[in-house]
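Chemist: Any chance you could fold what I've pasted below:
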Amino acid sequence: MIYTVTFNPSLDYIVTVKNFQTGMVNRTVDEIIYPGGKGINVSMVLKNLGFDNTALGFMAGFTGDEICRLLEEKGVKADFIHVEKGVSRINVKLRSNEESEINGMGPAIMQEDIKKLYEKLDQLQDGDVLVLAGSIPSVMPESMYMDIMKHLEDKKLNIAVDATRDLLVNVLPYHPFLIKPNNHELGEIFGVTITDKDDVVKYAKKLQERGARNVLISMAGDGAVLVTEDGQEFRAEAPKGELKNSVGAGDSMVAGFLAGYLSTGSYAEAFKMGVCTGSASAFSEELATKAEVQALLDKCKNLF
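Modeler: Just a heads-up that it's a prediction; the model follows:
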């Protein structure tokens with residue numbers, strides 16, 4: 001079974017306004033509401049690709065209820081912990097002459113709530129896949145991902161981590177199956193500017209030396225790189241297409257990689273699936289569908 005964890009899920013309210021002006025009444029010309037958060041994005045794309053999974057995390061209030069309802073509507077099982085204080089956040093994304101965002105705070109997660117999460121994680125079985133993705137709310141310990149991996153280290157799980165800086169670096173001694181920084185985040189970890197794929201490979205291998213098994217690096221319009229635990233290196237240019245929505249593209253890459261690996265056991269096929277799934281989401285107003293991913297796979301065979 002596949003599980004994702006999203007510590008601070010959201011309702012993403014995306015509005016389009018022509019010529020937005022501050023201090024004035026502005027009217028929307030288009031509106032979209034969907035459940036958000038990196039782990040949730042992974043769950044939705046996995047489901048689109050035909051992989052049942054369970055989304056774990058925390059929810060509160062009427063917004064939390066709506067997040068769960070929308071996930072169930074999309075076929076994703078939501079098994080969130082109900083938090084008593086506060087409400088799940090609403091993130092407003094304004095599309096106009098410029099794009100702006102206002103992100104909500106989220107509920108007050110207590111130690112008792114975290115304990116309930118551990119109880120759910122204790123039910124995972126050997127061979128299960130766990131995805132830890134996104135930032136940690138300020139009310140939670142910054143060591144949360146590391147704490148979870150330490151808690152689960154006796155289980156034979158494949159754990160994927162998509163996080164930044166210390167959240168990511170701290171889990172490396174616990175040998176995550178997959179980590180997915182982008183090239184800028186990779187450079188930040190080592191205090192360098194990364195300019196090409198040779199640099200990406202060099203520093204990805206340094207993360208392997210610290211404990212990571214497979215390192216997948218997204219490079220936006222410059223493509224992607226994968227360095228595997230068995231010594232293989234894969235590089236790809238980015239598929240061509242019109243960028244419509246970069247939100248969720250990295251999460252989609254993680255979902256595609258996992259779907260490809262679980263289907264074939266091949267890192268080469270997982271890499272292809274990851275690159276095309278991430279790009280398919282970037283070329284779509286919403287997250288990638290299976291048909292959109294397959295169309296890119298058929299079109300972009302020369303990239304791999």
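
Chemist: And the strands in the stretch 1-150 of the chain, which stretches?
Modeler: Ranges of strands within the stretch 1-150 of the chain are 2-6, 10-17, 28-36, 53-59, 77-82, 89-95, 99-102, 129-133, based on DSSP state E, counting those that start in this stretch.

Chemist: Could you tell me which residues within the longest one count as buried?
Modeler: Residues of strand 28-36 classed as buried by neighbour count (16 or more other CB atoms under 10 Å): Tyr34, Pro35, Gly36. All C-beta atoms are positioned from the backbone trio N, CA, C, and that covers glycine.

Chemist: ok, Lys290 touching Asn48?
Modeler: Yes: between Lys290 and Asn48 a contact is recorded at 5.6 Å, counting by CB atoms under 8 Å.

Chemist: ok, those two, which is more surrounded?
Modeler: Neighbour tally, Lys290 and Asn48, criterion other CB atoms under 10 Å: the higher count belongs to Asn48, 26 against 15.

Chemist: Roughly how far does that one sit from Ala255?
Modeler: Counting by CB to CB, to the nearest Å, the gap from Asn48 to Ala255 is 8 Å.

Chemist: what kind of secondary structure is Ala160 in?
Modeler: Three-state assignment for Ala160 (DSSP: H, G, I helix; E, B strand; the rest coil): strand.

Chemist: Wait, it touches Val129, no?
Modeler: Yes: at 7.1 Å, Ala160 and Val129 qualify as touching, with contact defined as CB under 8 Å.

Chemist: which residues do the two both contact?
Modeler: By CB atoms under 8 Å, 6 or more residues apart in numbering, Ala160 and Val129 have these common neighbours: Phe177, Leu258.

Chemist: the more surrounded of the two?
Modeler: Neighbours were counted for Ala160 and for Val129 using other CB under 10 Å; Ala160 has more, 25 against 21.

Chemist: Not counting its neighbours along the chain, what's nearest that one?
Modeler: Nearest residue to Ala160, sequence neighbours excluded (CB to CB, 6 or more residues apart in numbering): Leu178, at 4.1 Å.

Chemist: who are the neighbours in contact with that neighbour?
Modeler: Applying CB under 8 Å, 6+ apart, we find Leu178 in contact with Asn158, Ile159, Ala160, Val161, Arg213, Asn214, Val215, Leu216, Val254, Phe257, Leu258.

Chemist: how about a cut-off of 7 Å?
Modeler: Ala160, Asn214, Leu216, Phe257 (CB atoms under 7 Å, 6 or more residues apart in numbering).

Chemist: So which of those residues belong to strands?
Modeler: Within those, residues falling in strands by DSSP state E are Ala160, Asn214, Leu216.

Chemist: any idea which of those is the one closest to Asn245?
Modeler: Leu216 (20.7 Å; CB to CB).

Chemist: how about CSV for the buried residues of strand 28-36, with pLDDT added?
Modeler: Formatted as CSV, the buried residues of strand 28-36 follow (pLDDT from 0 to 100):
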residue, pLDDT
Tyr34, 90
Pro35, 94
Gly36, 92
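
Chemist: Ala238 is in contact with Gly223, correct?
Modeler: Yes: between Gly223 and Ala238 there is a contact at 4.6 Å, judged by CB atoms under 7 Å.
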